[in-house]
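> Sharing a sequence plus its predicted fold:
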Amino acid sequence: MLDLKSVFASDGLLSKHIPGYRMRVPQLEMAQAIAQAIEKNGILVAEAGTGTGKTFAYLVPALLAGGKVIISTGTKTLQDQLFNRDIPSVRSVLNVPVTVALLKGRANYICHYHLERSLQNNYLSFVNQDEIKYLHLIERHAMNSRDGDKSSLNTVPENAAVWHHVTATRENCLGSECPNYKHCFLMEARKKALAADVVVVNHHLFFADVMLRDEGLTELLPACNTVIFDEAHQLPQTASLFFGESVSTGQLIDLAHDSKVEAVQTVKDCVPLPDAIAAMEKAARDLRLTITEENMRFSLSALTKNNAFHRTLDELLLKLTELNVILEEQAARSEGLENCWRRANDHSNLIKRWRDDADTGGVVRWVEVYSKALQLNATPLSIAEIFNKQLSATPRAWIFTSATLSVKKHFDHYLGEMGLVTAQSVSWDSPFNFQEQALLYVPTGLPEPSHRDYIENVVKAALPVLKASRGRAFFLCTSLRAMQQIHDQIATAFESELIGFPLLLQGDGSRSTLLKRFRKLENAILIGSHSFWEGIDVRGEALSLVIIDKLPFAPPDDPVLSARIEKINQEGGNAFMEYQLPHAVISLKQGAGRLIRDETDRGVLMICDPRLTTKSYGRKIWQSLPPMRRTRQLADVEQFFLTERQATVS
């Protein structure tokens with residue numbers, strides 16, 4: 001068997017076969033730690049700074065060890081990168097006979113049944129000619145595609161409404177009862193995953209299976225020897241989502257749509273059904289209208305005085321129950337009707353639990369309101385015990401890795417939140433020379449973030465820095481509202497001062513489209529919120545400045561956070577130091593990590609929040625960041641960019 005040193009050495013296999021590869025000592029050390037964890041069925045939490053090469057550090061020992069491996073990533077983009085590029089490269093270098101499969105959630109695969117239903121429905125579900133055109137393109141793709149993965153059909157936008165009608169959800173998938181079961185793209189992907197040595201999934205898919213026994217991993221996990229979580233800092237939030245329960249008005253409207261299709265195509269003689277469907281759908285839409293705000297979260301207690309909400313929720317439950325009775329009577333007449341009945345029953349039971357179950361110390365009930373939908377949520381306050389049961393179910397190795405898991409090299413927060421009581425934790429610094437490559441700038445004279453003119457002062461402080469950097473910046477904001485205000489004020493300032501740097505705003509296109517424009521323009525300023533804090537890799541001079549409007553503390557009125565804070569404090573802890581601060585540090589490290597992505601990158605990180613220097617906890621925050629030179633003087637920033645420009649010219 002190959003020795004890890006012979007793979008990672010400066011003259012080793014990776015250096016010989018992968019163009020541009022550079023041996024890094026932390027990468028070898030990380031690979032050795034992972035190999036030991038795999039051998040001993042251990043639990044390893046491995047933080048590796050940007051540039052360490054953590055992907056190779058876990059792929060090499062995982063492929064050499066043999067056995068079945070599940071790799072779970074934070075995004076579908078990283079999934080595709082691992083499957084199409086990284087794993088084939090490492091497999092070729094190691095010359096090991098490893099089979100690999102890519103498994104995504106069911107919504108990523110075209111569903112023959114729902115595609116046929118949409119085609120047979122005379123396009124009544126679609127509102128414009130574009131959707132009809134897209135439907136025909138999808139039909140052609142389904143006939144010619146091997147895997148039915150919608151990501152390989154570039155001619156249909158990812159956010160096109162038609163996808164909703166030609167893919168299945170957990171609720172409306174007919175499973176083995178489907179007439180197209182033998183030709184199902186999802187089932188074929190699952191078969192390949194069962195047979196493969198390495199299976200690449202994402203966190204949502206992993207936890208959907210663990211809790212719902214739904215997405216195809218149920219049979220994979222028992223045979224699995226190693227589970228590797230890349231971008232593991234996302235796991236607490238993802239696990240909380242799936243370890244709880246939720247139901248939305250959108251799901252109920254989908255149920256109404258599918259029931260209408262079945263009523264027209266299967267049971268035209270059932271006279272009461274259309275009226276029952278319409279009544280339930282109206283009640284679902286009415287429930288959304290009882291809350292006027294958009295993109296907000298409310299605890300159940302905050303809605304106590306909203307009589308319309310509670311009255312309409314009761315009405316919805318009544319109409320859903322009436323529909324459920326009719327669907328049960330008709331269920332035997334088609335697989336689709338039986339599916340609709342089961343969904344109506346499930347949704348009804350969940351709404352009853354949400355409405356009637358008293359809040360306990362372990363669960364918080366809350367409501368999230370979107371522009372067109374409303375979702376009822378019940379979220380556990382702690383996932384540690386639930387997740388720990390998964391760790392101890394069967395002996396296997398568990399690897400958790402990310403660039404941001406610790407606070408000043410301490411992992412107590414992450415280990416406690418995830419229930420990793422027996423885990424070994426190790427941290428490796430980035431190999432980049434941050435002292436030479438980067439400058440941390442905290443401007444003077446800014447008010448506290450709670451000040452009414454804070455955003456205006458942030459923009460005033462940022463303008464001379466943006467001029468010095470000649471654009472080439474990410475402006476990362478902690479809220480959508482701040483993002484819009486900052487964009488508008490910068491646009492006004494640029495217009496009055498005749499500054500021509502292009503401004504890109506999150507929401508004016510897909511993330512990939514905006515990034516493509518940003519790289520091509522080479523002097524743009526991209527203003528974004530949470531979508532751009534992580535998972536973004538812009539190397540070179542196009543990104544030389546990252547500005548963060550304020551420290552990313554989660555809003556304390558968030559219902560889940562508020563309940564967790566209360567629980568920690570009631571138990572004698574300090575919620576700010578034990579929970580809120582560590583979360584903010586990890587988020588800040590993610591945002592700061594956008595700046596230096598390569599040995600040749602140079603840039604300035606500007607954090608506008610004065611609390612970094614005025615509060616006692618500020619020291620803990622900046623000491624958790626990479627070891628950049630620090631300054632509070634604008635002149636140092638201007639000199640940094642002047643030196644960069646002179647070096648480029650010479």
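Done, it's in. Every value quoted in this text rests on a predicted model; they were computed, and no experiment measured them. Residues are numbered from 1 along each chain as shown.
> Assign a three-state SS to the residue sitting furthest away from the middle of the chain, would you?
Going by Cα atoms, centre = their mean, the residue of the chain most distant from its centre is D269, 45.5 Å out. Three-state call for D269 (DSSP: H, G, I helix; E, B strand; the rest coil): coil.
> For K319, see how far away it is.
22 Å (Cβ to Cβ, to the nearest Å). C-betas here are computed from N, CA, C, even on glycine.
> give the contact list for T444.
R632 (Cβ atoms under 8 Å, 6 or more residues apart in numbering).
> let's see it at 10 Å
461, 610, 613, 632-634 (Cβ atoms under 10 Å, 6 or more residues apart in numbering).
> and it, that one's in a helix?
No. Going by three-state DSSP, the assignment for T444 is coil, not a helix.
> how near is it to P464?
13 Å.
> Pull up the overlap in contacts between those two.
L634.
> hmm, back to that, highest neighbour count among the contacts of T444?
P610 (22 neighbours; other Cβ atoms under 10 Å).
> quick one: it and E448 touch, right?
Yes. Counting by Cβ atoms under 10 Å, P610 does reach E448; the two are 6.6 Å apart.
> Identify the contacts common to these two.
Joint contacts of P610 and E448 (Cβ under 10 Å, 6+ apart) are 454, 550.
> Neighbours of E338, how many?
18.
> Doesn't it lie inside a helix?
Yes. Judged by three-state DSSP, E338 forms part of a helix.
> Tell me who's in contact with the residue nearest to Y617 when sequence neighbours are not counted.
Spatial nearest neighbour of Y617, excluding adjacent residues (Cβ to Cβ, 6 or more residues apart in numbering): L581 at 5.8 Å. Contacts of L581 were listed using Cβ under 10 Å, 6+ apart, and they are 407, 413, 551, 553, 574-575, 617, 620-621, 624.
> Let's see the pLDDT reported for T360.
Per-residue pLDDT puts T360 at 65.
> for S118, same thing?
So S118 comes in at 85 (pLDDT).
> measure it to C111 for me?
Taken as Cβ to Cβ, the span from S118 to C111 is 10 Å.
> more neighbours, these two?
Legend: neighbour count by other Cβ under 10 Å for S118 and C111, higher for C111 (26 against 23).
> How many residues are close by the spatially closest residue to G509 that is not a sequence neighbour?
For G509, ignoring the flanking residues on the chain, the nearest one in space by Cβ to Cβ, 6+ apart is R517 at 7.4 Å. Residues near R517, counting by other Cβ under 10 Å, number 15.
> before we move on, which element is R517 in?
helix 511-521 (DSSP states H and E).
> Skip ahead from that helix and say which helix or strand is next.
Note on helix 511-521: by DSSP H and E, the next helix or strand toward the C-terminus is strand 525-528.
> What pairs with that following strand, parallel or antiparallel?
Partner strands for strand 525-528, per DSSP bridges, with pairing direction: strand 473-476 (parallel), strand 503-505 (parallel).
> What is the distance between it and the centre of its chain?
How far strand 525-528 lies from its chain's middle: 20 Å, per Cα atoms, centre = their mean, to the nearest Å.
> Go through the following helix or strand past it and flag the buried ones.
Reading on from strand 525-528 to the C-terminus, the next helix or strand found by DSSP H and E is strand 545-548. By neighbour count with 16 or more other Cβ atoms under 10 Å, strand 545-548 contains the buried residues 545-548.
> Spatially nearest residue to A344 (excluding sequence neighbours)?
N324 is the one closest to A344 (Cβ to Cβ, 6+ apart), at 4.2 Å.
> residue contacts, the one you found?
276, 280, 340-349.
> Just these: which are in helices?
276, 280, 340-349 (DSSP state H).
> Specify which member of the contacts of T444 is nearest to R85.
For the contacts of T444, the minimum distance to R85 (Cβ to Cβ) is 40.6 Å, reached by A461.
> ok so, going back, distance of the residue farthest from the centre of the chain relative to A256?
20 Å.
> likewise D197?
44 Å.
> When these two are compared, which one has more neighbours?
For D197 and A256, the more surrounded residue by other Cβ under 10 Å is A256, and the numbers stand at 21 against 18.
> That one and E139, how far apart?
According to Cβ to Cβ, A256 and E139 sit 25 Å apart.
> At which residues are the strands of the stretch 1-150 of the chain located?
43-48, 69-73, 100-102 (DSSP state E, counting those that start in this stretch).
> Tell me which of these is the most buried.
When the strands of the stretch 1-150 of the chain are scored by mean count of other Cβ atoms under 10 Å, the highest mean neighbour count falls to strand 69-73 (a mean of 26).
> end to end, how far does stretch 262-272 reach?
Using Cα to Cα, to the nearest Å, the span of stretch 262-272 from its first residue to its last is 13 Å.
> coming back round to it: apply the buried test to the contacts of N324 and list what passes.
276, 280, 340-348.
> Strands of the stretch 301-450 of the chain, residue ranges please.
Under DSSP E, counting those that start in this stretch, the stretch 301-450 of the chain gives strands at 363-369, 374-380, 397-402, 424-428, 438-441.
> averaged over its residues, what pLDDT does the second one have?
What it means is strand 374-380. Strand 374-380 comes out with an average pLDDT of 94.
> How far does that strand sit from its chain's centre?
The chain centre lies 18 Å from the centre of strand 374-380; the measure is Cα atoms, centre = their mean.
> Contacts for the helix or strand of the chain with the lowest mean pLDDT next, please.
Scoring the helices and strands of the chain by mean pLDDT, DSSP states H and E places helix 220-223 at the bottom, with a mean of 72. For helix 220-223, contacts defined as Cβ under 10 Å, 6+ apart pick out 67-68, 70, 101, 103, 190, 193-194, 196, 199, 201, 206, 209-210, 227, 390, 393-394, 396.
> Buried subset of the residues you listed, written for PyMOL?
To isolate the buried subset of the contacts of helix 220-223 in PyMOL, counting by 16+ other Cβ under 10 Å, use the following:
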select buried, resi 68+70+101+103+190+193+194+196+199+201+206+209+210+227+390+396
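> Counting only helices, which of the contacts of helix 220-223 make the cut?
Short answer: the contacts of helix 220-223 in helices (DSSP H) are 190, 193-194, 206, 209-210, 390, 393.
> Quick one: the helices in the stretch 551-650 of the chain, in order.
Here the stretch 551-650 of the chain has its helices, by DSSP state H, counting those that start in this stretch, at 559-570, 575, 581-592, 611-614, 618-622, 634-649.
> Identify each buried residue in the third one, please.
This points to helix 581-592. Per 16+ other Cβ under 10 Å, helix 581-592 contains these buried residues: 581-592.
> try the fifth one
Burial within helix 618-622, assessed by neighbour count using 16+ other Cβ under 10 Å, is assigned to 618, 620-622.
> that older thread, format the strands paired with strand 525-528 as a markdown table; extra columns: distance to L313.
Converted to a markdown table, those look like this (distance: least, Cβ to Cβ, whole Å):
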| stretch | distance to L313 |
| --- | --- |
| strand 473-476 | 38 |
| strand 503-505 | 37 |
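> what bits of this protein have low per-residue confidence?
Low-confidence segments of the chain (pLDDT under 70): 1, 121-127, 211-220, 358-361, 646-650.
> switch the cut-off to 80
Applying pLDDT under 80 to the chain flags the ranges 1-2, 23, 120-130, 159, 209-223, 358-361, 393, 644-650.
> Which helix in it has the most residues?
Max-length helix for the chain by DSSP H is helix 307-330.
> Run the chain-centre distance for that helix.
Per Cα atoms, centre = their mean, the centroid offset for helix 307-330 relative to its chain is 33 Å.
> how far off strand 374-380 does it point, in degrees?
Computed by axes from the mean of the first three to the mean of the last three Cα atoms, to 10 degrees, the angle separating helix 307-330 from strand 374-380 equals 90 degrees.
> Extract the C-alpha set from helix 307-330 and format it as PDB.
Included here for helix 307-330 are C-alpha records, laid out as PDB according to Å, rounded to 0.1, in the frame of the first residue of the first chain:
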ATOM      1  CA  ASN A 307     -56.300  36.700  16.200                       C
ATOM      2  CA  ALA A 308     -56.700  36.500  12.500                       C
ATOM      3  CA  PHE A 309     -53.700  34.100  12.300                       C
ATOM      4  CA  HIS A 310     -55.100  31.700  14.900                       C
ATOM      5  CA  ARG A 311     -58.600  31.900  13.500                       C
ATOM      6  CA  THR A 312     -57.400  31.200   9.900                       C
ATOM      7  CA  LEU A 313     -55.100  28.400  11.000                       C
ATOM      8  CA  ASP A 314     -58.100  26.700  12.600                       C
ATOM      9  CA  GLU A 315     -60.100  27.300   9.300                       C
ATOM     10  CA  LEU A 316     -57.200  25.800   7.300                       C
ATOM     11  CA  LEU A 317     -57.100  22.700   9.500                       C
ATOM     12  CA  LEU A 318     -60.800  22.300   9.100                       C
ATOM     13  CA  LYS A 319     -60.700  22.600   5.300                       C
ATOM     14  CA  LEU A 320     -57.700  20.300   5.100                       C
ATOM     15  CA  THR A 321     -59.500  17.700   7.200                       C
ATOM     16  CA  GLU A 322     -62.600  17.900   5.000                       C
ATOM     17  CA  LEU A 323     -60.400  17.400   1.900                       C
ATOM     18  CA  ASN A 324     -58.600  14.500   3.600                       C
ATOM     19  CA  VAL A 325     -61.900  12.700   4.100                       C
ATOM     20  CA  ILE A 326     -62.800  12.900   0.400                       C
ATOM     21  CA  LEU A 327     -59.300  11.900  -0.700                       C
ATOM     22  CA  GLU A 328     -59.400   8.900   1.500                       C
ATOM     23  CA  GLU A 329     -62.600   7.800  -0.100                       C
ATOM     24  CA  GLN A 330     -61.200   8.100  -3.600                       C
END
